[in-house]
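# Can you look at this prediction? I've put the sequence above it.
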Amino acid sequence: MIDWLKVKTQYILPKHLLSRAVGGLASAQAGWLTTSLIKVFIKHFDVDMSEAVLEKPEDFATFNDFFTRELKPGIRPVVVPPEQLAHPVDGTVSQAGDIRYDSVFQAKGHDYSLTALLGGRPDIAEPFKDGKFATIYLSPRDYHRIHIPCDATLTDMLYVPGELFSVNPLTTKNVPGLFARNERVVAIFETQHGKMAMVLVGATIVASIVTAWEGTVTPPVGKSVQHWTYPRDGENAVTLKRAEEMGMFKLGSTVILCFEPGMIDFNDVEAGMTTRLGEHLATFQTMAND
């Protein structure tokens, strides 16, 4: 009954208003209040501050500075060889597997449309139909910077307006089409193995989604899909090396990766497993067969 109420309450909450209000507080330099909030958060969510460049709550001017804290150099080394895809974030695998034509598995009893996820653009979605996907949930205690899992060149970015439901496991199991309903930023990359999409999904109290190439994408929010294109070569191309930072959440959420058919194989990835930046996610089929 309590879980039912938690989910149903989200339908009536002013989620955007609440999220932007919390975002304002998170970006405020509030002195002792900021420090107190950070201390409470660290204790409640058991955050391991020994991994961070700045370890003390007093070191952060704003809550956002704490939430998007950098890790110490060498804490998350890339430990996989070139034929393997590295995990892009610390988190937990929500689901991973096959995209069944245009259908992506969310949770038992719930699928959603790949095309809807990628901004309702059939031309953007077409290369990924019958491919692979992985959905990774970032909990409040996790490191919230997002890194590129392989060398890649950005070709497209879309801002997709939507709801701001929570993306925790309870909501994922009970809100149909959750990831294709929430506000999100879609980044499309070319790699030497094929196309890859990285979808940064917003959620309740996610105050901002930031990319390395455009800075803050949201807020402000919009009412229609926005589409940016980028050159594939030349001095203005956005090319990232494996494990380079590609974005961050200011208050956390979910990353969904999509791959073309025949591009990768998942080996031991399954729902519920913990992910660590730089560790093994998948194997490139083309290199594995060489």
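The structure has been received and is ready for your questions.
# Who are the contact partners of the closest residue to Thr68 other than its chain neighbours?
Take Thr68 and drop its neighbours on the chain: the residue closest to it by Cβ to Cβ, 6 or more residues apart in numbering is Met248, 5.1 Å away. For glycine as for every other residue, the C-beta is placed from the backbone atoms N, C-alpha and C. Residues near Met248 by Cβ atoms under 8 Å, 6 or more residues apart in numbering: 68, 144-146, 209-210.
# Check which helix or strand Met248 maps to.
strand 245-250 (DSSP states H and E).
# so what strands line up beside that strand?
strand 145-147 (antiparallel), strand 208-211 (antiparallel) (DSSP bridges).
# Starting from that strand, tell me the next helix or strand along the chain.
strand 254-259.
# Strands of the stretch 101-250 of the chain, start to end?
Under the criterion DSSP state E, counting those that start in this stretch, strands of the stretch 101-250 of the chain are mapped to 103-107, 110-113, 132-137, 145-147, 152-160, 184-191, 194-201, 208-211, 215-218, 226-229, 239-240, 245-250.
# want to throw the strands paired with strand 245-250 into CSV with distance to Gly278 and mean pLDDT?
Converted to CSV, the strands paired with strand 245-250 look like this (distance: least, Cβ to Cβ, whole Å; pLDDT from 0 to 100):
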stretch, distance to Gly278, mean pLDDT
strand 145-147, 8, 95
strand 208-211, 20, 87
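# Tally up the residues packed near Leu164, please.
When counting by other Cβ atoms under 10 Å, one arrives at 25 neighbours for Leu164.
# Please identify the buried residues of the strand holding Met248?
246-250 (16 or more other Cβ atoms under 10 Å).
# Which positions within stretch 265-280 qualify as buried?
Applying 16+ other Cβ under 10 Å to stretch 265-280 flags 266, 269, 275-280 as buried.
# let me fix that: stretch 127-136
In stretch 127-136, counting by 16+ other Cβ under 10 Å, buried: 127-129, 131-136.
# same question, stretch 175-195
Applying 16+ other Cβ under 10 Å to stretch 175-195 flags 175, 177-191, 193-195 as buried.
# Beta-bridge partners for the most centrally placed residue in the chain, please?
The residue lying closest to the centre of the chain (Cα atoms, centre = their mean) is Val255, at 2.5 Å. Beta-bridge partners recorded for Val255 (DSSP bridges): Ile136, Leu200.
# and the closest residue to Ala134 other than its chain neighbours, what element?
Excluding its sequence neighbours, the residue lying closest to Ala134 (Cβ to Cβ, 6+ apart) is Ala96, at 4.1 Å. Assignment of secondary structure by DSSP H and E places Ala96 within strand 91-98.
# quick one: low-confidence parts of the stretch 1-150 of the chain?
1-25 (pLDDT under 70).
# mind listing what's buried in stretch 92-102?
Buried residues in stretch 92-102 (16+ other Cβ under 10 Å): 92-96, 99, 102.
# make that stretch 153-160, sorry
Buried residues in stretch 153-160 (16+ other Cβ under 10 Å): 153-160.
# now do stretch 232-240
Quick answer for stretch 232-240 (16+ other Cβ under 10 Å): 238, 240.
# Pull the distance from that stretch to the chain's centre.
23 Å (Cα atoms, centre = their mean, to the nearest Å).
# distance between the ends of that stretch?
End-to-end distance of stretch 232-240 (Cα to Cα, to the nearest Å): 12 Å.
# Identify the single longest helix in the protein, thanks.
helix 32-45 (DSSP state H).
# what lines up beside the host helix or strand of Leu85 in the sheet?
When secondary structure is defined by DSSP H and E, Leu85 falls within strand 84-86. Strand 84-86 pairs in its sheet with strand 280-284 (antiparallel), by DSSP bridges.
# Please save the CA atoms from the strand it pairs with in CSV.
This file holds the C-alpha atoms of strand 280-284, laid out as CSV (Å, rounded to 0.1, in the frame of the first residue of the first chain):
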residue,chain,number,x,y,z
HIS,A,280,34.0,-4.3,-18.4
LEU,A,281,30.6,-3.7,-19.9
ALA,A,282,30.6,-5.5,-23.3
THR,A,283,32.8,-6.8,-26.0
PHE,A,284,32.9,-5.4,-29.6
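# Measure how that strand sits relative to strand 254-259, angle-wise.
Using axes from the mean of the first three to the mean of the last three Cα atoms, to 10 degrees, the direction of strand 280-284 lies 20 degrees away from that of strand 254-259.
# Same list, the buried residues of strand 245-250, but as CSV with distance to Gly215 please.
CSV is the format used below for these (distance: Cβ to Cβ, whole Å):
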residue, distance to Gly215
Met246, 12
Gly247, 10
Met248, 11
Phe249, 14
Lys250, 12
